[in-house]
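In: I would like the atomic coordinates for the input below:
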Amino acid sequence: MSSLTQPPTATASTAGRLRPSRAVTRRVLWANLVGQVVIVVTGGAVRLTGSGLGCSTWPQCEPGEFTPVLHEATTWHPLIEFANRTLTGVLVLLAVGAALVVLRGPRRPLGVRVLALAPILGVLVQAVVGGMAVLVDLHPAVVGSHFLLSMVLVAVSAALVLREAQPDGPATLVVGARARQLSLVLVPLAVLVLALGVVVTGSGPHSGDDDAAYRFALDPAAISRLHAASVWAYLAVLVAVVVLLRRAAADGAGAADTDPARRASQVLLGVALAQGLIGYVQYLTDLPVLLVGAHMLGASLLVVAQTAQLATQSRRTA
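Out: Sure, this is the predicted structure:
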């Protein structure tokens with residue numbers, strides 16, 4: 001009988017050794033999130049250096065060549081564009097790693113497992129959209145969609161980091177109904193802010209290539225004012241949330257439970273204010289590339305902070 005029971009024991013022991021630890025899982029998920037933010041910055045660098053058509057086609061860089069063709073007249077644009085494409089490959093590996101550590105770990109609810117697979121699908125879709133942007137000579141609608149999809153991937157990756165750290169029991173809301181309702185209002189407002197920001201960029205000077213002259217036929221100043229108005233509306237609702245959570249903490253009832261939500265809302269307010277300041281300064285200084293790049297990074301951080309602000313408003317028990 002002992003010989004019959006030995007193989008399952010050995011198999012269970014091997015499975016246990018192959019299961020990633022919680023520390024490894026956290027590191028991989030954080031690496032995936034950081035990668036999603038970094039590629040937004042490098043994609044911005046491609047655009048702001050005029051390297052968007054550094055590789056003239058896709059998926060190859062040049063007809064018949066997957067890498068830049070170097071010769072005496074070669075500029076740095078093909079190298080910048082190719083480096084960003086290479087980083088997409090790294091991002092695929094990080095997304096696959098994120099899925100594996102979740103799926104090979106302790107069995108989690110279906111929602112968590114689906115969330116773990118989302119970055120893989122998202123990165124593959126992004127690669128296609130990025131290729132389309134090259135093939136249509138950086139049409140601002142396609143380039144803008146490329147950026148907005150990155151924001152979705154940043155949000156999904158941040159949600160995965162936050163959700164994996166929680167147990168799988170039922171979620172209990174730890175903030176008041178009004179604070180929760182206003183926090184939910186922040187989500188469509190954030191989408192509006194990001195979408196109008198894309199329209200502003202698609203109407204402005206940074207097309208991604210000096211020869212890609214087509215832009216949205218809109219007045220950049222008017223669209224910028226509309227974008228600013230959406231930011232002020234977002235800030236007004238966010239300040240109301242912060243005030244409500246501070247009052248709840250001052251009342252003392254369940255203050256310890258609401259502390260994470262209060263801190264996350266304050267962090268979100270700080271990121272939003274910094275992002276607004278950068279936006280005004282870049283507008284008043286004729287859109288210098290470094291500030292535009294910082295604004296793109298700020299958009300990613302805003303999405304991460306917005307995701308955390310919502311996630312911390314409920315608590316799960318084992």
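
In: now Val185: which helix or strand?
Out: helix 177-203 (DSSP states H and E).

In: remind me what that helix packs against, helices and strands.
Out: If you count contacts as 3 or more CB pairs under 8 Å, 6 or more residues apart in numbering; DSSP states H and E, helix 177-203 packs onto helix 140-164, helix 220-251, helix 289-311. (C-beta placed from N, C-alpha, C; glycine too.)

In: quick one: mean pLDDT over the longest one.
Out: Looking back up the chat, that one is helix 220-251. For helix 220-251, mean pLDDT is 93.

In: next, the angle helix 220-251 makes with the very next helix or strand once past that helix.
Out: Taking DSSP H and E as the definition, the helix or strand that follows helix 220-251 towards the C-terminus is helix 255-284. With axes from the mean of the first three to the mean of the last three CA atoms, to 10 degrees applied, the angle from helix 255-284 to helix 220-251 works out at 160 degrees.

In: excluding sequence neighbours, find me the nearest residue to Leu273.
Out: Nearest residue to Leu273, sequence neighbours excluded (CB to CB, 6 or more residues apart in numbering): Leu235, at 7.4 Å.

In: right, and that neighbour touches Leu277 too?
Out: No: here Leu235 lies out of contact with Leu277, judged by CB atoms under 8 Å, at a distance of 11.5 Å.

In: with neighbour numbers in mind, choose between those two.
Out: Between Leu235 and Leu277, counted using other CB atoms under 10 Å, the more crowded position is Leu235 (17 against 11).

In: how close does the more buried one get to Ala311?
Out: If you measure Leu235 against Ala311 using CB to CB, to the nearest Å, the figure is 21 Å.

In: thinking again about what came up before, and the residue nearest to Leu273, how far is that from Pro119?
Out: Distance of Leu235 to Pro119, given as CB to CB: 30 Å.

In: what does Pro205 give?
Out: With distances defined as CB to CB, the gap from Pro205 to Pro119 amounts to 32 Å.

In: so those two - more neighbours on which side?
Out: Pro119 (28 against 10).

In: just give the closest residue to the more buried one, not the sequence neighbours.
Out: In space, Pro119 is closest to Ala95, 3.8 Å off (CB to CB, 6+ apart).

In: can you give me the distance of the one you found to Gln126?
Out: From Ala95 across to Gln126, the span is 10 Å (CB to CB).

In: likewise Phe147?
Out: Using CB to CB, one obtains 10 Å as the distance from Phe147 to Gln126.

In: what's the answer for Val136, then?
Out: Counting by CB to CB, the gap from Val136 to Gln126 is 16 Å.

In: what of Ala171?
Out: 30 Å.

In: higher neighbour count, those two?
Out: Set side by side, Ala171 and Gln126 give different neighbour counts by other CB under 10 Å, the larger being at Gln126 (23 against 13).

In: am I right that the more buried one sits in a strand?
Out: No: when classified by DSSP: H, G, I helix; E, B strand; the rest coil, Gln126 is found to be helix rather than part of a strand.
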